[in-house]
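Novice: here is my input; please provide its structure:
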Amino acid sequence: MIKSYEINRNTLAIIPIAKNQSKVIEIDQEFIVEKCPTEIIDDSCKYFGSSYHGRFEGTKKILGVSYKSPIIVEESREIIFFPTASPRYEGCYWISLNNIEDYLKSNYGTIINFKNGFTLDLNVSLGSFENQMIRSLRLANILKRRKLS
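Specialist: Predicted coordinates for the structure are as follows:
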């Protein structure tokens, strides 16, 4: 078990497993971190020079959404994560936009297929998941356009 973790390009998902514990899934390994998912997001934003609150406010300004907002963890590498529920909810997973290959409806909710072949079955409706994908893709698209102008 590790005490701190910075999100990087290899991070696929951050999953809550206990009150202050998360499982971090990367392309080729998994870790247990002694922090809740939102703390890991905040620490990673701070590592890259901002904070969860600052990134949340930025997304709110760019997209006009303030509920289940995607977060730009790091702009130059376009690392964007989105929550599967309200981040205040202990069961909220955080998913890497850039590592998703595909997703589909399951009996349980939604199955995410990541680029490395890892799959994650979420108890989240397909419609809710697609809404989070659309928000995240809109955010990524706006950032790309702004870089080019």
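
Novice: so where do the strands sit in the protein?
Specialist: Per DSSP state E, the chain carries strands over the ranges 11-18, 21-26, 30-33, 71-74, 79-83, 94-96, 100-105, 110-114, 119-122.

Novice: pipe these into a markdown table and attach distance to residue 144 per row.
Specialist: No exception for glycine: its C-beta is placed from N, CA and C like everyone else's. Shown next, in a markdown table, are those (distance: least, Cβ to Cβ, whole Å):
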| stretch | distance to residue 144 |
| --- | --- |
| strand 11-18 | 20 |
| strand 21-26 | 25 |
| strand 30-33 | 30 |
| strand 71-74 | 12 |
| strand 79-83 | 11 |
| strand 94-96 | 17 |
| strand 100-105 | 17 |
| strand 110-114 | 22 |
| strand 119-122 | 26 |
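
Novice: just name the most buried of those strands.
Specialist: Of all the strands of the chain, strand 94-96 carries the top mean neighbour count, a mean of 27, counting by mean count of other Cβ atoms under 10 Å.

Novice: can you tell me how far the closest residue to residue 120 other than its chain neighbours is from residue 60?
Specialist: Spatially, and ignoring its direct neighbours in sequence, residue 120 is nearest to residue 112 (4.6 Å; Cβ to Cβ, 6 or more residues apart in numbering). Taking Cβ to Cβ, to the nearest Å as the measure, residue 112 falls 25 Å from residue 60.

Novice: same check on residue 40?
Specialist: For residue 40, the distance to residue 60 equals 21 Å [Cβ to Cβ].

Novice: and those two? Which one has more around it.
Specialist: Set side by side, residue 40 and residue 60 show more neighbours around residue 40, with 23 against 13, by other Cβ atoms under 10 Å.
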